[in-house]
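Chemist: mind looking at a prediction? Sequence and model below.
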Amino acid sequence: MRDSHSDVEDAAYGDAPEQFEGEFPIRIKGLTNSFGDFNVHEDLDLDVKRGEILGVVGGSGTGKSVLMRSIIGLQIPQDGMIEVFGRNITEAEPDEVIGVRNRWGVLFQGGALFSTLSVGENVQVPLKQFYPELSQELLDEIARYKVVLTGLPEEAASKFPSELSGGMKKRAGLARALALDPELLFLDEPTAGLDPIGGAKFDELTRELTDTLGLTVFLITHDLDTLYAICDRVAVLADKKVIAVGTIPELLENDHPWIQEYFNGPRARAATATHERGKALDKLGSEKA
Ligand SMILES: Nc1ncnc2c1ncn2[C@@H]1O[C@H](COP(=O)(O)OP(=O)(O)OP(=O)(O)O)[C@@H](O)[C@H]1O
């Protein structure tokens, strides 16, 4: 039984599947994705470790979103193997993948909330899809729980997306992504469009939820602050492949020109300085306490 369930959810879901215990919830080997004659990915390999936040970076159009879409089954690859929770989803029948699909949550770019539904109703969409037998009372209760979990006030559940700020919309999208109590979370540019303070708060929330709920996170971002603040490792997409994956200090050793430009450019230096300053302030705070 997953230990991140609330009592309400335990009552609702009954016997939840065992949590994945292997080392790599996502394994990709030899992946090729094409649109017509254009190959976005060629022979791409990537392993995502259980419990990590993996940042995924790369220039615009290098195929970060296409990669995420192929892992969640929205893009059929031309070649290669994608294993999720030890199951080869590229060869599985759609019915077989359902048991995997309810074990991940996705926050698409921009939140992708249904504008005609309240936040609570948005959260209930995946619940109704996978657990149609749940009573409305239970659905409401789970939705409220998820809304509060993402740091929104409980009243936000009855609000419509148009009544929320950008940061609140992201949190609402996250609440929906967490609706099924997933083990895997996909975040596509979660801090895009947020001011630096809102972005930093969202980063903190992501780290906190990852640790408390035991999530594994695949996080596409252009935000260097996010990489420095919360990512355990970073995968770099270029030349149609993952050209490197590792911690930021490990990547700094890599002399690929894009990596050097990205991690040693002026913006990266500013992000490092912010990160170091934050660590120093944290240390000062804990010494005073
Ligand atoms: N449905 C599609 N049909 C045709 N080409 C597509 C389709 N989806 C993506 N592409 C192409 O695949 C390439 C990779 O797109 P993708 O959205 O994955 O890039 P990205 O790395 O996420 O970019 P960005 O950082 O700008 O969001 C681009 O050249 C894009 O035009």
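Modeler: Happy to help now that I have it. No experiment lies behind these values; they were computed from the predicted model shown.

Chemist: tell me where the stretch 1-150 of the chain is predicted with low confidence.
Modeler: The model of the stretch 1-150 of the chain has pLDDT under 70 over residues 1-17, 94-98.

Chemist: name the residues of it found near the ligand, please.
Modeler: When proximity is defined by CB under 6 Å from any ligand atom, the stretch 1-150 of the chain lies next to the ligand at 35, 40, 58, 60-66. C-betas here are computed from N, CA, C, even on glycine.

Chemist: which residues touch stretch 156-164?
Modeler: With contacts defined as CB atoms under 8 Å, 6 or more residues apart in numbering, stretch 156-164 is touched by 111, 113-120, 122-123, 140, 143-144, 147, 168-169, 172.

Chemist: ok, back up a step: check the residues of the stretch 1-150 of the chain next to the ligand for burial and list the buried ones.
Modeler: 40, 58, 62-66 (16 or more other CB atoms under 10 Å).

Chemist: quick check: residues of the stretch 151-289 of the chain near the ligand?
Modeler: Residues of the stretch 151-289 of the chain lying near the ligand (CB under 6 Å from any ligand atom): none found.

Chemist: where do the strands of the stretch 151-289 of the chain begin and end?
Modeler: Assigned by DSSP state E, counting those that start in this stretch, the stretch 151-289 of the chain shows strands spanning 184-188, 216-220, 233-238, 241-246.

Chemist: most packed of those?
Modeler: strand 216-220 (a mean of 25; mean count of other CB atoms under 10 Å).

Chemist: just checking: what are the partner strands of that one?
Modeler: Within its sheet, strand 216-220 is paired with strand 53-58 (parallel), strand 184-188 (parallel), according to DSSP bridges.

Chemist: the first one versus strand 241-246: what angle between them?
Modeler: Between strand 53-58 and strand 241-246, the angle comes out at 140 degrees (axes from the mean of the first three to the mean of the last three CA atoms, to 10 degrees).
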